[in-house]
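show me the folded form of this:
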Amino acid sequence: MTTCFIGTGFLQLQGLEDEFIDHMRQVAEHEKDLRYKKAAANFIKIHDQNKLGR
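Coordinates of the predicted model:
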């Protein structure tokens with residue numbers, strides 16, 4: 001999961017963070033491969049918790 005946080009920092013610098021978060025929400029909701037679905041759901045959970053803590 002560390003790679004995701006490094007990745008979101010890069011995306012934030014590029015102005016793509018919101019698009020990435022929206023994409024991850026779609027993956028968490030619709031992905032058929034449970035590995036990717038769970039990883040996306042965990043990422044969104046952590047993201048939302050961090051957003052609330054700001």
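
just the helices from the protein, written as ranges.
Per DSSP state H, the chain carries helices over the ranges 2-14, 17-30, 34-52.

I'd like these as JSON lines, with mean pLDDT and mean neighbour count appended.
Yep, even glycine has a C-beta here, placed from its N, CA and C like the rest. Below are the helices of the chain laid out as JSON lines (pLDDT from 0 to 100; neighbours: other C-beta atoms under 10 Å):
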{"stretch": "helix 2-14", "mean pLDDT": "54", "mean neighbour count": "12"}
{"stretch": "helix 17-30", "mean pLDDT": "90", "mean neighbour count": "14"}
{"stretch": "helix 34-52", "mean pLDDT": "91", "mean neighbour count": "13"}
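
phi, psi of residue 33?
The phi and psi values for residue 33, taken as degrees, to the nearest 10, are phi -80, psi 110.

number of residues surrounding it?
9 (other C-beta atoms under 10 Å).
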